[in-house]
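**Q** Sequence and computational prediction follow.
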Amino acid sequence: MRWADNPHYDDALREIVAQGSGASWDEIAATLTSTLGVPFTGDQVSARARRMGLERPTPTAALAATVSNERSRALRLAERREATAALRDQARWEDFLDIVRGELLVPPADQRPPATTPAGPGTPETMCLVVSDIHIGKLVEKDVTGPGFGYDQSVFAARQAELLNAVLRLRDIHSQHGPIPKLILFFVGDGVDGVDMRRGHAHRVDIQTATAQTIRLAQFFAWLLRSLAPWFPEGIDLNWEFGNHGRVGEFGVNLPSDNWDYLAGVMVRENVADLSSVRVNVHTQQYGIYQIGPLVAYAEHGNSIRGGGGSPAVKRHVASLQNLHRMVFDLVLMGHFHTSEYLTAGGAKVFMNGAWDGGDDFSVNQLVAASDPAQWAFGVHPRRGLTWMYEIALAPRRRSTPVLS
């Protein structure tokens, strides 16, 4: 046997030595014999390895090589696992987005005949609507609160229809004086009720997950915007603030915008992106400052007010806001306290929304208080400012509680 005439012998020897097993030359010769079917001795293999410049690894070097090889193999395996997990997570996210896109396309816009109300000769004004404290998913049972109350998905659906009808009625009324070409819609938080704000909260909802409530909130506003868009030729601006019921995690743990209300706002913006006349302003602050004609408006949910929603606490809060931002506000728009109020604080007109549910177990049985479900609407003249305002009632005024016997 002439080794030089068989170059594949060199390849086999080089491969075995490169494995770094630490085997002796006799053991390597045995491996070659088994692999190639040709008898080799340890001396032959040793001599040929010296000519080829190969050295048999020592046990220490062999161990180091083995460790290095295993580390490389583990790294490659981890990278493959991470890539697989990333692809799986991406697929799940895409599935979630597909579900959301599909769900958001469900509610058709309210299709009505084109606007026919003749506009009066007066100066065009801007209509403003404040929406808040919808608490989608909340369950208020009459057996708990009494027959004058009650809130669930069916009640919410009826009140969303009433809101749309009221906005269009107001537009028709004021168009007789002068055009109402633009609507500015303020959402000031608590669109979702959440599921874990307090002990026992999960037993007070009829939409069982915060994600489902968020989708329903986005559906509602997408439907509302699409239904109103044809009636306001100069467009609709939706300014979006978030409340405390959409908060994710315990108070103060996460950033303010880690909030289901905020996510719903982003979903609404994406859903109506095809409507060139609709602009949705969603941001990660807890408040917004806006110019409405000659007026400056401050919008927030209202949960940062300390001392309740009464006039003294609100006035202190507005004074703090104006000192903080170094500016005077003409309007302050808020909700949170589930009480419809209109008051003056430091020169600012404060519009405080009621809640869509009107009263629940906590307010009726512990606070011994409730307010009719109402939202504010008002008009702004380009020079004179605030000209008219209405408290939109989403349900008939609550009657006296009947006696039991």
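**A** Received, thanks.

**Q** Please count neighbours and contacts with C-alpha atoms only from this point.
**A** Fine.

**Q** Not counting the helix or strand that contains Ile173 itself, show me its contacts.
**A** Taking DSSP states H and E as the criterion, Ile173 maps to helix 153-175. Applying CA atoms under 8 Å, 6 or more residues apart in numbering, the contact partners of helix 153-175 are 117-120, 127, 134, 136-137, 180, 206, 220, 224, 228, 356, 392, 394-395.

**Q** Can you go through those and name the buried ones?
**A** Taking 16 or more other CA atoms under 10 Å as the criterion, what is buried in these is 119, 127, 134, 136-137, 180, 206, 220, 224, 228, 356, 392, 394-395.

**Q** Now do the same for the residue nearest to the spatial centre of the chain: helix, strand or coil?
**A** With distances taken as CA atoms, centre = their mean, Leu263 lies nearest the centre of the chain, 1.2 Å away. Put simply, Leu263 is helix when judged by DSSP: H, G, I helix; E, B strand; the rest coil.

**Q** residue ranges for the helices of the stretch 201-350 of the chain, please.
**A** Here the stretch 201-350 of the chain has its helices, by DSSP state H, counting those that start in this stretch, at 210-228, 260-271, 311-325.

**Q** Any chance of a markdown table for the ones you listed, columns mean pLDDT and distance to Asp190?
**A** Shown next, in a markdown table, are the helices of the stretch 201-350 of the chain (pLDDT from 0 to 100; distance: least, CA to CA, whole Å):
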| stretch | mean pLDDT | distance to Asp190 |
| --- | --- | --- |
| helix 210-228 | 95 | 10 |
| helix 260-271 | 96 | 7 |
| helix 311-325 | 94 | 19 |
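
**Q** one step back: hmm, which of the buried ones among the contacts of helix 153-175 is lowest in pLDDT?
**A** Within these, Ala119 has the lowest pLDDT, namely 70.

**Q** Please, which helix or strand holds that one?
**A** Ala119 is part of no helix or strand, with elements assigned from DSSP H and E.

**Q** Looks like it contacts Pro181 (just checking).
**A** No. Shown here, Ala119 and Pro181 do not form a contact pair, counting by CA atoms under 8 Å, at 9.9 Å.

**Q** any idea how far Val140 is from the residue nearest to the residue nearest to the centre of the chain when sequence neighbours are not counted?
**A** Once flanking residues are discounted, Leu263 sits nearest to Thr214: 7.4 Å by CA to CA, 6 or more residues apart in numbering. Thr214 is 19 Å from Val140, where distance means CA to CA, to the nearest Å.

**Q** higher neighbour count, these two?
**A** Thr214 (27 against 22; other CA atoms under 10 Å).

**Q** roughly how far apart are that one and His245?
**A** In this view, Thr214 and His245 are 11 Å apart by CA to CA.

**Q** who touches both of those two?
**A** Gly191, Val192.

**Q** Please report phi then psi for Ser132.
**A** The phi and psi torsions at Ser132 (degrees, to the nearest 10) take the values phi -160, psi 170.

**Q** Need the pLDDT of the closest residue to Asp193 other than its chain neighbours.
**A** With CA to CA, 6+ apart as the criterion, Asp193 has its nearest non-adjacent residue at 4.2 Å, and that residue is His135. In the predicted model, His135 carries a pLDDT score of 95.

**Q** just checking, His135 touches Trp356?
**A** Yes. Counting by CA under 8 Å, His135 does reach Trp356; the two are 7.1 Å apart.

**Q** From the rest of the structure, what touches stretch 337-354?
**A** 130-133, 302, 308-309, 311, 314-315, 318-319, 328-336, 355, 358, 370-376.

**Q** Would you show me how to pick out the buried ones of the residues you listed in PyMOL?
**A** This is how PyMOL selects the buried members of the contacts of stretch 337-354, with burial counted by 16+ other CA under 10 Å:
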select buried, resi 130+131+132+133+302+309+311+314+315+318+319+328+329+330+331+332+333+334+335+336+355+358+370+371+372+373+374+375+376
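
**Q** Mind checking which of the contacts of stretch 337-354 land in strands?
**A** Val130, Val131, Leu331, Val332, Leu333, Met334, Ala374, Gln375, Trp376 (DSSP state E).

**Q** For those residues, name the two members farthest from one another.
**A** The span of the ones in strands among the contacts of stretch 337-354, defined through CA to CA, is set by Leu331 and Ala374 at 18.3 Å.

**Q** So, low pLDDT: which residues of the stretch 51-200 of the chain?
**A** 56-67, 69, 89, 91-107, 111-118 (pLDDT under 70).

**Q** For it, which segments count as strands?
**A** Using DSSP state E, counting those that start in this stretch, the strands of the stretch 51-200 of the chain run over 126-131, 182-188.

**Q** need the helices of the stretch 201-350 of the chain in CSV with distance to Phe187, can you?
**A** Below are these laid out as CSV (distance: least, CA to CA, whole Å):
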stretch, distance to Phe187
helix 210-228, 10
helix 260-271, 9
helix 311-325, 19
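
**Q** any idea how far Arg48 is from Ala313?
**A** Look at Ala313 and Arg48: by CA to CA, they are 95 Å apart.

**Q** give me every residue that touches the closest residue to Trp223 other than its chain neighbours.
**A** Distance criterion CA to CA, 6+ apart; nearest residue to Trp223, sequence neighbours excluded, is Ala109 at 5.2 Å. By CA under 8 Å, 6+ apart, the residues touching Ala109 are Trp223, Leu224, Arg226, Ser227.

**Q** before we move on, what about Leu331?
**A** Leu295, Val296, Ala297, Tyr298, Ala348, Lys349, Val350, Phe351 are the contacts of Leu331 under CA under 8 Å, 6+ apart.

**Q** if we go to 10 Å?
**A** Contacts of Leu331 were listed using CA atoms under 10 Å, 6 or more residues apart in numbering, and they are 289-292, 295-299, 344-345, 347-351, 386.

**Q** One more: Asp26?
**A** Leu32, Phe40, Thr41, Gly42, Asp43, Gln44, Val45, Ser46.
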